[in-house]
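# Attaching a predicted model along with its sequence, questions to come.
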Amino acid sequence: MIITIFSVYLIFTINKFGFAATLCVLLGCFSILSTTLVTDNVSGTENLSRMNFFWGSISEKIHNIETAREFLQLYGLFTGIFCIVLGMIFAYKPSLIQVKNYLPFEYPYPIWNSKQQPLTQFNTNFVLAKSLLTNKEKMLSCRFKYLLIVVDEKMYLASPNEMVPKNTMIVRTKLGNTPCGISRI
């Protein structure tokens with residue numbers, strides 16, 4: 001009863017963190033509850049004499065079935081715990097499973113569009129955003145839908161083929177010194 005109440009509480013508290021976290025925790029709780037609450041004792045030795053998939057005497061068949069039952073209970077328990085831990089990671093620490101250069105969508109970066117920017121606000125020296133990258137990064141620029149740039153101390157998302165002011169800076173990661181941005185899906 002305590003496991004069931006804790007499972008319901010856990011599912012409802014994790015529900016606000018999204019579908020993936022809720023699904024993992026729900027599957028984990030269901031797996032643990034089904035392996036601990038379902039009674040699956042071997043019943044009736046008269047039915048075992050008709051089972052031909054085990055060789056040996058009836059006592060050996062009962063032993064093999066009980067060993068398999070214990071293994072499945074432990075497997076279900078560890079699978080449930082793994083699913084709950086994965087759901088907790090999705091909910092509370094998603095950076096552990098995010099890809100390198102991940103740009104969270106909750107940051108309000110506007111999309112840079114050179115046609116909508118007034119020319120008087122910036123100097124008239126516009127270049128392609130791709131030209132601010134190194135040769136190696138230019139080869140990889142096709143995988144980016146948007147690059148994260150800084151124009152006049154404001155952050156924007158710009159397409160690699162977009163015209164940007166010449167004094168624009170490309171935002172890079174600290175460790176790999178690679179450009180940040182949103183990749184194409």
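Yep, it's here.

# What residues of stretch 166-173 count as buried?
Along stretch 166-173, these residues count as buried under the neighbour rule (16 or more other CB atoms under 10 Å): 168, 170, 171. Where you see a C-beta, it was placed from the backbone N, CA and C, and this is true even at glycine.

# Closest one of those residues to residue 154?
residue 168 (10.6 Å; CB to CB).

# now for stretch 159-168, what's the gap between its first and last residues?
Distance between the boundary residues of stretch 159-168 (CA to CA, to the nearest Å) amounts to 13 Å.

# Name the residues of that stretch that are buried.
Within stretch 159-168, the residues scored as buried using 16+ other CB under 10 Å are 159, 160, 162, 163, 164, 165, 168.

# can you give me the strands in this structure?
Remark: strands of the chain, listed N- to C-terminal, are 126-128, 144-151, 154-158, 163-165, 169-170, 181-183; assignment by DSSP state E.

# Tell me the strands beside the longest one, with direction?
Applying DSSP bridges, strand 144-151 is found paired with strand 154-158 (antiparallel), strand 169-170 (antiparallel), strand 181-183 (antiparallel).

# What residues of the first one count as buried?
Along strand 154-158, these residues count as buried under the neighbour rule (16+ other CB under 10 Å): 155, 156, 157, 158.

# what is the rounded mean pLDDT of that strand?
Model confidence over strand 154-158, given as mean pLDDT, is 87.

# which one of the buried residues of stretch 166-173 sits closest to residue 83?
residue 171 (36.0 Å).

# OK, contacts around that closest one?
Applying CB atoms under 8 Å, 6 or more residues apart in numbering, one finds that residue 171 lies in contact with 147, 148, 149, 150, 155, 179, 180.

# isn't the last one right up against residue 147?
Yes. With contact defined as CB atoms under 8 Å, residue 180 and residue 147 form a contacting pair (7.4 Å).

# Tell me which of these two has more neighbours.
Comparing residue 180 with residue 147 by neighbour count (other CB atoms under 10 Å), the higher total belongs to residue 147, at 27 against 19.

# got a list of what residue 34 touches?
Residue 34 is in contact with residue 76, counting by CB under 8 Å, 6+ apart.

# before we move on, the earlier item: adding distance to residue 133, write the strands paired with strand 144-151 out as a markdown table.
As requested, the strands paired with strand 144-151 are arranged in a markdown table below (distance: least, CB to CB, whole Å):
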| stretch | distance to residue 133 |
| --- | --- |
| strand 154-158 | 12 |
| strand 169-170 | 7 |
| strand 181-183 | 11 |
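
# For residue 63, see how far away residue 81 is.
As for residue 81, its distance to residue 63 is 27 Å (criterion: CB to CB, to the nearest Å).
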